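Novice: Give me coordinates for this.
(one chain, ligands or ions: 1)
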Amino acid sequence: MIYLDCAATTFQKPPAVMEAIRRASEMCASPGRGGYGLSLAADELLFKTRGLAKEMFSLSDEKYCIFTKSATEALNIAIKGFTQPEDEVVISCLEHNAVVRPLASGGRRIKIANFPPECPEDAVIALERSITRRTRLCVCTAVSNVFGTMLPIREIGEICRRRGIPFVVDAAQAAGILELSVERIGADALCIPGHKGLYGPAGTGLLLLSGERIPRTLIEGGTGSHSASERQPQHLPDAFEAGTQNIWGIAGLCAGIEFVKSHPKGEILSAEQALCRRILDNLPAGYTAPGRGRDENQTGVLALLPVFAGCEEVAEFLSDAGICVRAGLCCAPLAHRAAHTFETGVLRISPGIFNTAADADALLRALSAARDALGG
Ligand code: PLP
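Specialist: Residues are numbered from 1 along each chain as shown. Predicted coordinates for the structure are as follows:
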């Protein structure tokens, strides 16, 4: 089996991640809930993981690392915490439904900043033009999950700072791959899955904050602190961490972050980019690469469009050949409208650190075979 769907989740995990989950299942109970060894071990694990996140994403304090179950949950906390129903929110045209749906559910007014995905530098001016006096929040992805486009989030953060608008960054496709610093980006919140580029298990995510600016909580409940009060504690991280933590998952995430940190800066990105370049350089006839810009603006996510058959049909052919890729709209209909692929979707190839040149070559052979079998 060749797995090339790391933009959905990194299926292959480092052995240390699996081992950390096993160890946590033997050594950790509920954190913050007891003075006995099993609970204290869980506290220690949370503290260590927050410390790693602080270092990797330049947080000013461990308390600004909030554990969530996914990037989606982190985005919901940030979006609904910063805005009220009917507020105006500016987003980029490459946003995932994890951004669009929480905004739409409360009847917020969504202003979409449009630009061609192959020209991410145009995002800055498009977002700036979309901001009005009524804008209460700006949300932007760091990398498109469909096209692998890197967006200039530092420049966008700068505009938001100048205009006094909170800035939430969806870093689902960037964390673990790009250097991200909450401080340098000027983000109020960075929303991260644990199970993609950080190589942790499913059911983990992080909400990283630059300060105590989110005015309201999304979920309230037990925190193990201020138990006599019926009000949610206001201090971080407790304010946003109601309920028992996914301690086994966090143990795996902790090991995943250590795994990413063990690679020299930029190595994972370069390896994934090189595989995409290899695929593009040898792409068989019958496929195009919509939405793709200059190499320096692209991560290791590659969107292909077969011209001879539907994307789902080709993905099924690849699946029968033992190759896992994603087909369709990839939960990002806006991005497809921007790239004119809304009617077709794309075939998304997203390698990870465990993929090799041999995997890319096997994919290329299977793409040729798919064209020969389905194109006639
Ligand atoms: N944002 C983007 C850009 C994504 O690609 C994804 C997942 O595919 C998400 C958000 C949601 O991440 P999660 O599955 O951790 O909720």
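
Novice: got the buried residues for stretch 10-30?
Specialist: For stretch 10-30, the buried set under the neighbour-count rule, 16 or more other Cβ atoms under 10 Å, comprises 10, 13-14, 16-17, 20-21, 23-24, 28-30. From N, CA and C alone the C-beta is placed, and that goes for glycine too.

Novice: Next, format these as CSV and append pLDDT, distance to the ligand and secondary structure.
Specialist: Output for the buried residues of stretch 10-30, formatted as CSV (pLDDT from 0 to 100; distance: Cβ to the nearest ligand atom, whole Å; DSSP: H, G, I helix; E, B strand; the rest coil):
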residue, pLDDT, distance to the ligand, secondary structure
T10, 98, 11, coil
K13, 98, 15, coil
P14, 98, 19, coil
A16, 98, 21, helix
V17, 98, 16, helix
A20, 98, 19, helix
I21, 98, 18, helix
R23, 97, 24, helix
A24, 95, 20, helix
C28, 90, 22, coil
A29, 89, 26, coil
S30, 87, 23, coil
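
Novice: so which of these would you say is closest to G322?
Specialist: T10 (18.2 Å; Cβ to Cβ).

Novice: Might one say that the closest one is in contact with H195?
Specialist: Yes: contact criterion Cβ atoms under 8 Å: T10 and H195 qualify, at 6.7 Å.

Novice: which bits of this structure sit near the ligand?
Specialist: Counting by Cβ under 6 Å from any ligand atom, the chain comes close to the ligand at 8, 70-72, 96, 98, 141, 145, 170, 172-173, 193, 205.

Novice: Just those residues: which are in helices?
Specialist: 71-72, 98 (DSSP state H).

Novice: for this structure, what spans make up the strands?
Specialist: According to DSSP state E, the chain carries its strands in the segments 2-3, 65-68, 88-92, 109-113, 135-141, 167-170, 189-193, 205-209, 287-288, 302-306, 323-324, 326-328, 346-349.

Novice: If you count contacts, what does the first one end up packed against?
Specialist: Other helices and strands packing on strand 2-3, by 3 or more Cβ pairs under 8 Å, 6 or more residues apart in numbering; DSSP states H and E, are strand 323-324, helix 357-374.

Novice: which other residues reach the last one?
Specialist: The contact list for helix 357-374, computed with Cβ atoms under 8 Å, 6 or more residues apart in numbering, reads 2, 4, 275, 278-279, 282-287, 304, 306, 308-309, 313-314, 317-318, 321, 323, 325, 349, 351.

Novice: Repeat that for stretch 318-325.
Specialist: So stretch 318-325 is contacted by 1-5, 11, 315, 347-350, 362-363, 366-367, 369-370 (Cβ under 8 Å, 6+ apart).

Novice: quick one: buried residues of that stretch?
Specialist: Neighbour-count burial for stretch 318-325 flags 318, 323, 325 (criterion: 16+ other Cβ under 10 Å).

Novice: Also stretch 219-239?
Specialist: 223-224, 232-233, 236-239.

Novice: Which residue is the nearest non-sequential neighbour of the most centrally placed residue in the chain?
Specialist: Nearest to the geometric centre of the chain sits A172, at 0.6 Å (Cα atoms, centre = their mean). Nearest residue to A172, sequence neighbours excluded (Cβ to Cβ, 6 or more residues apart in numbering): A71, at 4.3 Å.
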